[in-house]
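>>> With the input below, show me the fold.
(chains A and B)
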Amino acid sequence: MEKILDKIYKNHKDNEGNIISLLQDIQGELGYIPEDAVVWFSKKLDIPASRFFGIATFYAQFHLQPRGKNVVTTCCGTACHVKGSEKLLNGLVRELGLPEGESTTEDRRFTVEKVNCVGACSIAPVVIVNNKVHGKMTADKLMKEIKQLKEKESED
Amino acid sequence: MKTDLVVRVCMGTGGIAAGGTEVMEAFKKHLKSKGLKAKIEKNCTMHKVGCRGLCARDVLVDIVVNDSKTTYQFIKPSMVERIIDEHVINGKPVEEWTVPEDYHLFHSKQVKVVLSDCGSVDPEDIESYLNVEGYNALKQVVTTMSPAETIDVIRQSGLRGRGGAGFPTGTKWEICSKETSEHKYIICNADEGDPGAFMDRSVIEGNPHAVIEGMIIGAYSIGADAGYVYIRAEYPLAVERLKNALKEARQRKFLGKGILGTKFNFDIKIKLGAGAFVCGEETALIASIEGQRGMPRAKPPFPVYKGLWGKPTVINNVETLANVPYIIRKGAGWYSSFGTEKSKGTKVFALTGKIRNSGLIEVPMGIPLREIIYDIGGGIENDKAFKAVQTGGPSGGCIPSHLLDIKVDFESLASVGSIVGSGGMVVLDEGDCMVNIAKFFLQFTQSESCGKCVPCRIGTKRLLEILERITSGKGREGDIELLEDLARDIKATSLCGLGQTAPNPILSTIRYFRDEYEAHITKKKCPAGVCKDLLSYVILAEFCKGCGACKRVCPAGAISGEKKQPHTIDADICVRCGACFEACKFKAIGKG
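Okay, here's the model as predicted:
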């Protein structure tokens, strides 16, 4: 990890000392923001770790825990809400057996997330499965999609 | 015979989700295999276009044969070969797949300024924008006009900020231009966080150069040497097209040192938002660009005096900037001929929710709301009854059916307790619960509150708790009055626009739908049948055929019954998800 952090540190110096960009780089390389990485930068830059965590927890983009291999994001914008996104989300949580308050399955195969709006409201409700946007989603279509992913996982 | 062929495939986020990429590939493949591409070579172009509005009908494809255009809707790759055979080769359009009459009606009531080139230019090719007089406004401004003259044109056009507040753009530019400073900045606010709105995404995806051109003209007017586009990371396609457009603009010397051979230097950087709604507020946005938590600060000083890195800064919304090149090219008088006395020009709206033609529209300010809903929008989906339209997102309010004839402009919407806002319009039908809608927006504002000031941080939490109580059947006498009281205090004392407007959805739903709140509180009923805790599902034995469809979909195993015998639901196990209600083909499930 040290090597990766060092590389990020070198890029960071040209970046006007911007902590958000730094965190974006860490997450881009490692998939999330590990505590160790924050401590490393805190020492290196002589900035208290609390400032990094303050920023990382402020913005929805940053994750302090590793995420699942498959990421399913339900759009919860207004248009998706009135077209039943809550039901889709409840269905996902049930199907994947996510414990209350958790977003990633124990085996780290799936992460279920909400996003405020992806701006594809005219094809609501929208679900993004591993970066692919699916419009006019129904509970049936979504379950099929999840089952396919599960099968693919068990083959691997 | 000489043939000109143009194939345009809609590839905005909506088009791609509907399979635009595959349709484009299919066209390439079939045109090649039939030898057509080789035969007509340069006269055959195929390109991506951005949003043309009616995303609900995607994938939309234009086929232009010798200047005669036909538009197809709901196109799938499997349909492409027949279109080429019958239409391109034999000259007979495939009538059954072309857009019906209402597609043209959708467009005929609109007036397109910002969207005029969206859907026809290729957003990934600067040539395409140059062909429709793109960057002519910039050339005109930097070679023949002074900054003061440019600002004057914008002021005379009556253009007001399209991000929500409606501040006159010319005035903002003028104030900033008079500040003296070593550096000045212009920021394009593309942090479109309002859930239910996608105007800015579509404009950037469909015509990124118009935004860039507007921004350069703005920079010239105020004397800025650097600019930022603050854009949501949730819009990957828009970011990619913007990056590409900036690169193209630099190659053509529209950006960089010595723009178009003059002494004017200016360049633009992209800053990705990290997912915080409050960053749409200008001082929070500035903090975020500086790498801090996006927390607003008290104004004054306004950013035009003290903005990014403490320097004078103009912040304009995407749509505002995209208007600028057209105003310069066609004149202030032309632009101000649209709209009403105080609200000039046109406005782009994202028309969504329970509406037939959902999509992106641009209309003159002052158009009656009824025309938007029924003529352009085609009325309510599934022939249900119109209930209300929510404008302005979490900062706005709802407009009920008896106000459908209201004019849509800044002043009229404010007079009925709503706002134009950034341009989201979510249509609600009889099946939507207004208390639930208010709760939805409060959940949003409460979780997006930055926590800096007490009225917003704690006030929105208390409002949400009361709404949760009401929708779960624990509402108390006096809750409506308590909501109103608290809402007024939060509006009056919050630091920034987020808190000052967060109670609006509650106030406006109470104003127009007080009876629904009362039904939840006193009768413990949700008239629209939405609030889960106030619902119960029963199987009506006289209609039940015992097919078992409900039993199969029930996630809780609450339904039992023999085949071909009426089933029953165990209310204690039922999680009230409504899956059985949707699965039953015989209307044998009662909800109430």
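>>> Which stretches in chain A count as strands?
A:70-75, A:110-115, A:127-129, A:132-134 (DSSP state E).
>>> Redo those strands as JSON lines? Include mean neighbour count.
(Each C-beta comes from the backbone N, C-alpha and C, glycine too.) Output for the strands of chain A, formatted as JSON lines (neighbours: other CB atoms under 10 Å in any protein chain shown):
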{"stretch": "strand A:70-75", "mean neighbour count": "22"}
{"stretch": "strand A:110-115", "mean neighbour count": "20"}
{"stretch": "strand A:127-129", "mean neighbour count": "21"}
{"stretch": "strand A:132-134", "mean neighbour count": "16"}
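>>> For the longest helix belonging to chain A, buried residues please.
Scanning chain A for the longest helix, with DSSP state H as the assignment, gives helix A:139-155. Neighbour counts using 16 or more other CB atoms under 10 Å in any protein chain shown place A:139, A:142, A:145-146, A:149 of helix A:139-155 among the buried residues.
>>> Please determine whether it lies in contact with chain B.
Yes. Interface with chain B: helix A:139-155 contributes residue A:139 (CB under 8 Å from any CB of the partner chain).
>>> who touches that helix?
Residues from elsewhere that reach helix A:139-155, judged by CB atoms under 8 Å, 6 or more residues apart in numbering or on different chains: A:69-70, A:72, A:87-88, A:91-92, A:95-96, A:109-110, A:127, A:129, A:134, B:579.
>>> which residue ranges form the strands in the stretch 1-150 of chain B?
B:5-10, B:44-49, B:61-65, B:68-72 (DSSP state E, counting those that start in this stretch).
>>> now the longest helix of chain A, how far from the chain's geometric center?
Distance, stretch centre to chain centre, for helix A:139-155: 19 Å (CA atoms, centre = their mean, to the nearest Å).
>>> For that helix, list the C-alpha coordinates in PDB.
Only the C-alpha atoms of helix A:139-155 are listed here, as PDB (Å, rounded to 0.1, in the frame of the first residue of the first chain):
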ATOM      1  CA  ALA A 139     -39.100  -5.800  -9.200                       C
ATOM      2  CA  ASP A 140     -39.100  -8.900 -11.500                       C
ATOM      3  CA  LYS A 141     -36.500  -7.500 -13.800                       C
ATOM      4  CA  LEU A 142     -34.300  -6.600 -10.900                       C
ATOM      5  CA  MET A 143     -34.500  -9.900  -9.200                       C
ATOM      6  CA  LYS A 144     -33.600 -11.700 -12.500                       C
ATOM      7  CA  GLU A 145     -30.600  -9.400 -12.800                       C
ATOM      8  CA  ILE A 146     -29.500 -10.200  -9.200                       C
ATOM      9  CA  LYS A 147     -30.000 -13.900  -9.700                       C
ATOM     10  CA  GLN A 148     -27.800 -13.800 -12.800                       C
ATOM     11  CA  LEU A 149     -25.100 -12.000 -10.900                       C
ATOM     12  CA  LYS A 150     -25.300 -14.500  -8.100                       C
ATOM     13  CA  GLU A 151     -25.000 -17.400 -10.500                       C
ATOM     14  CA  LYS A 152     -22.000 -15.800 -12.100                       C
ATOM     15  CA  GLU A 153     -20.500 -15.400  -8.700                       C
ATOM     16  CA  SER A 154     -20.900 -19.000  -7.700                       C
ATOM     17  CA  GLU A 155     -19.300 -20.100 -11.000                       C
END
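>>> average model confidence for that helix?
Averaged over helix A:139-155, pLDDT sits at 89.
>>> coming back round to it: looking at the strands of chain A, spot the one closest to residue B:108.
Residue B:108 lies closest to strand A:132-134 among the strands of chain A, at 30.0 Å (CB to CB).
>>> So in terms of bridging, what pairs with the nearest residue in space to residue B:65 that is not next to it in sequence?
Nearest residue to residue B:65, sequence neighbours excluded (CB to CB, 6 or more residues apart in numbering or on different chains): residue B:5, at 5.8 Å. Here residue B:5 shows beta-bridge partners residue B:44, residue B:65, assigned using DSSP bridges.
>>> quick one: residue B:5 and residue B:27 touch, right?
No. Counting by CB atoms under 8 Å, residue B:5 stays clear of residue B:27, with 10.2 Å between them.
>>> Chain B versus residue A:71, what's the distance?
13 Å (CB to the nearest CB, to the nearest Å).
>>> Okay, domains of chain A per the record?
A:2-58, A:70-155 (automatic domain parsing).
>>> highest average neighbour count across these?
Mean neighbour count (mean count of other CB atoms under 10 Å in any protein chain shown) peaks for domain A:70-155 among the domains of chain A, with a mean of 19.
>>> Now find how far off-centre that domain is within its chain.
Relative to its parent chain, domain A:70-155 has a centroid offset of 12 Å by CA atoms, centre = their mean.
>>> helices and strands of chain B: which one bottoms out on pLDDT?
Least confident helix or strand, chain B: helix B:36-40 with a mean of 68, by mean pLDDT, DSSP states H and E.
>>> re earlier: name the nearest of the buried residues of helix A:139-155 relative to residue B:559.
residue A:139 (16.6 Å).
>>> Kindly state the beta-bridge partners for residue A:113.
residue A:73.
>>> what's the pLDDT at it?
91.
>>> Likewise for residue B:42?
For residue B:42, pLDDT reads 67.
>>> Looking at chain A, which residue reaches furthest from the middle?
Distance from the C-alpha centroid of chain A peaks at residue A:46, with 28.4 Å (CA atoms, centre = their mean).
>>> Sketch out the low-pLDDT regions of chain B for me.
B:1-3, B:38-42 (pLDDT under 70).
>>> circling back: can you tell me how far the residue farthest from the centre of chain A is from residue B:538?
Plainly put, residue A:46 is 67 Å away from residue B:538 if you go by CB to CB, to the nearest Å.
>>> again with residue B:408
Distance from residue B:408 to residue B:538, counting by CB to CB: 43 Å.
>>> Over to residue A:119?
In terms of CB to CB, residue A:119 sits 40 Å off from residue B:538.
>>> Residue ranges of each domain in chain B, please.
Using automatic domain parsing, chain B is parsed into the domains B:5-99, B:126-336, B:346-429, B:434-523, B:536-591.
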